[in-house]
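# I would like to see how this sequence folds:
(4 chains)
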There are 2 protein chains.
Amino acid sequence: MAISRISKKKLRDPQADAPSEAAKAILDTAEGLAQTRGYNGFSYADVAEQLGVTKASLHYHFPSKADLGTALIERYHRVFLRALEAIDLRTNEPDKKLRYYIELYDSVLNNERMCLCGMLAAEIATLPIPMQEGLRLFFDENEQWLIAVLEDGLRIGAFRFKETANERARMIVAALEGAMLVARSYGDPARFHVVASSLLSDLSQAGRT
Amino acid sequence: MAISRISKKKLRDPQADAPSEAAKAILDTAEGLAQTRGYNGFSYADVAEQLGVTKASLHYHFPSKADLGTALIERYHRVFLRALEAIDLRTNEPDKKLRYYIELYDSVLNNERMCLCGMLAAEIATLPIPMQEGLRLFFDENEQWLIAVLEDGLRIGAFRFKETANERARMIVAALEGAMLVARSYGDPARFHVVASSLLSDLSQAGRT
DNA sequence: GTCTATAGGTGGATAGAC
DNA sequence: GTCTATCCACCTATAGAC
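Next up, the predicted model:
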């Protein structure tokens, strides 16, 4: 019943631990609950009720809640990575890449959900260590992808900013996560959109002298 | 045992419901727990243990957890408003005001805490209605104060931005809340500081043509 | 794999003595 | 106001039948 760490291999290898249909359904339901209510805001009973099964059968697939939580982060991370790769295939223009990136966040919010990892980040002090590590890995990977896009944009003159790409990437992640948090408090996606617009506007305008 | 709404009067009137010393101690302890673990991450038992009293005595001061939660938001909001008023007295320069504002957030983070209202915003779907309303009131007031500072800065040429002051204010609140969220996940306040710097930098640089 | 049944603990909350 | 004692609902988790 050891709680498995989240390895980079596991994140990228499509063959790793192909989950059963039942496990997928559990993950889907738990993900929705975690994104709306938080890790401490949902229980096995909630998941079981939504799926029409018993709590005991959930424990067969995910022995402990820590296992379930770790699997949630792992899958969310993996899906997100694939979405970033899809963006890279769709366009080479840094400006468009960034807009697609923002659309990823937007689609989550339109489901009246918070980013899973942003949500769990709030509760981090109450989470098992492997989940804490998984969150940081997710943010790291977001940052790395953004850095590449920002540096590319800077090089070809699509973006302008004074700090390092790393610093700007951290600022963008923070602003988007915070924007989701606040927008959801008002049930108003427009609050997210104005933040996204400001971020894009600053990138195309800032630093001119 | 009706859960009291958060009224604007109550927020501003220093005579309203002067809490007992015991109630203050409970609020102090509960506030710390809520800021680090979230509303669903702490219990009356946690508060009681830290204070060396029994759960029952907590219920005397705050009959239900919803009462306690509402009181937490109310007090946090009131203290924050006073801090904003103090900034207005300390300086008239929009740039300095904004830096002091950011320092407010920074001091919270240096206590290894998240902004109470940012934390509760994540859990909003699980909160009683009066608490939800209290959160929005807090964000509204932040926004209003920032709008005044931003408009002032724009007028005297200290700030430059293309959107409305309202939109820029929302972007700043989102970025600071998100920056706290992520910085705390790494236990690294520097992650907050780089976001703050970017925000200030964009305000002084953006929009030049 | 999923079920029934249940263990063992903790959650918020109340009654009533002091 | 604070205590002891207690209630009941819910939590995570396990045993064992099917």
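# run a quick neighbour tally on the residue of chain A found nearest DNA strand D.
Closest contact between chain A and DNA strand D, by C-beta to the nearest atom of the strand, is at residue A:43 (2.9 Å). Where you see a C-beta, it was placed from the backbone N, CA and C, and this is true even at glycine. A count of neighbours around residue A:43, defined by other C-beta atoms under 10 Å in any protein chain shown, yields 13.
# I'd like to know how far it sits from chain B.
For residue A:43, the distance to chain B (C-beta to the nearest C-beta, to the nearest Å) stands at 11 Å.
# give me phi/psi at that residue?
phi -130, psi 170 (degrees, to the nearest 10).
# which ones are touching residue A:199?
Shown in contact with residue A:199 (C-beta atoms under 8 Å, 6 or more residues apart in numbering or on different chains): A:102, A:172, A:175, A:176, B:171.
# only the buried subset of the residues you listed, as a ChimeraX command please.
Paste this into ChimeraX to select the buried members of these, with burial taken from 16 or more other C-beta atoms under 10 Å in any protein chain shown:
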select /A:102,172,175,176 /B:171
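# could you dump the contacts of residue A:199 to a markdown table with secondary structure, pLDDT and distance to residue A:149?
Output for the contacts of residue A:199, formatted as a markdown table (DSSP: H, G, I helix; E, B strand; the rest coil; pLDDT from 0 to 100; distance: C-beta to C-beta, whole Å):
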| residue | secondary structure | pLDDT | distance to residue A:149 |
| --- | --- | --- | --- |
| A:102 | helix | 98 | 12 |
| A:172 | helix | 98 | 10 |
| A:175 | helix | 98 | 15 |
| A:176 | helix | 98 | 14 |
| B:171 | helix | 98 | 20 |
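# show me what from chain A comes close to DNA strand D.
Residues of chain A lying near DNA strand D by C-beta under 7 Å from any atom of the strand: A:1, A:42-46, A:55-56, A:59, A:63-66.
# how about a cut-off of 10 Å?
A:1, A:3, A:39-49, A:54-60, A:62-69, A:128 (C-beta under 10 Å from any atom of the strand).
# ranges for the helices of chain A?
A:8-12, A:21-37, A:44-51, A:55-61, A:65-90, A:94-110, A:116-122, A:129-156, A:165-186, A:190-205 (DSSP state H).
# comparing those helices, which yields the minimum mean pLDDT?
Mean pLDDT per stretch puts helix A:8-12 lowest among those, at a mean of 67.
# quick one: buried ones out of the residues of chain A next to DNA strand D?
Buried among these (16+ other C-beta under 10 Å): A:39-42, A:44, A:47-48, A:58, A:62, A:65-69, A:128.
# so which of those residues reach DNA strand C?
Restricting those to those within reach of DNA strand C (C-beta under 10 Å from any atom of the strand) leaves A:40, A:48, A:58.
# thought residue A:126 was touching residue B:37?
Yes: using C-beta atoms under 8 Å, residue A:126 is in contact with residue B:37, at 5.2 Å.
# that older thread, list the contacts for the residue of chain A closest to DNA strand D?
Applying C-beta under 8 Å, 6+ apart to residue A:43 gives no contacts.
# how close does the nearest residue to residue A:131 once chain neighbours are set aside sit to chain B?
The shortest distance from residue A:131 to any non-neighbouring residue, by C-beta to C-beta, 6 or more residues apart in numbering or on different chains, is to residue A:69 (4.9 Å). Distance from residue A:69 to chain B, counting by C-beta to the nearest C-beta: 14 Å.
# try residue A:158
Counting by C-beta to the nearest C-beta, the gap from residue A:158 to chain B is 16 Å.
# for that residue, what are its contacts?
Counting by C-beta under 8 Å, 6+ apart, residue A:158 touches A:93, A:94, A:95, A:152, A:204.
# make it 6 Å
Residue A:158 makes contacts with A:94, A:95, as judged by C-beta atoms under 6 Å, 6 or more residues apart in numbering or on different chains.
# check what pLDDT it gets.
Looking at residue A:158, its pLDDT is 97.
# just to revisit the earlier point, let me know the closest of the contacts of residue A:199 to DNA strand C.
residue A:176 (31.4 Å).
# tally up the residues packed near the nearest residue to that closest one once chain neighbours are set aside, please.
Leaving aside its chain neighbours, residue A:176 sits nearest to residue A:105 (5.1 Å; criterion: C-beta to C-beta, 6+ apart). Neighbour count for residue A:105, taken as other C-beta under 10 Å: 20.
# for residue A:105, give its distance to residue B:28.
The gap separating residue A:105 from residue B:28 is 36 Å, by C-beta to C-beta, to the nearest Å.
# and residue A:19, what's its pLDDT?
So residue A:19 comes in at 82 (pLDDT).
# against residue A:51, how distant is the closest residue to it other than its chain neighbours?
Ranked by C-beta to C-beta, 6+ apart and with sequence neighbours excluded, the top spatial neighbour of residue A:19 is residue A:27, at 7.0 Å. Going from residue A:27 to residue A:51 by C-beta to C-beta gives 11 Å.
# neighbour-wise, which of those two wins?
Legend: neighbour count by other C-beta under 10 Å for residue A:27 and residue A:51, higher for residue A:27 (21 against 16).
# for the closest residue to chain B within chain A, give its distance to residue B:172.
Closest approach between chain A and chain B, counting by C-beta to the nearest C-beta: residue A:178, at 2.6 Å. Counting by C-beta to C-beta, the gap from residue A:178 to residue B:172 is 10 Å.
# and residue A:143, by the same measure?
21 Å.
# likewise for residue A:97?
For residue A:97 relative to residue B:172 (C-beta to C-beta), the value is 25 Å.
# please apply the same query to residue A:82.
According to C-beta to C-beta, residue A:82 and residue B:172 sit 33 Å apart.
# show me which residues of chain A are close to DNA strand C?
Residues of chain A that fall close to DNA strand C, judged by C-beta under 10 Å from any atom of the strand: A:19-23, A:25-26, A:40, A:45, A:48, A:51-61.
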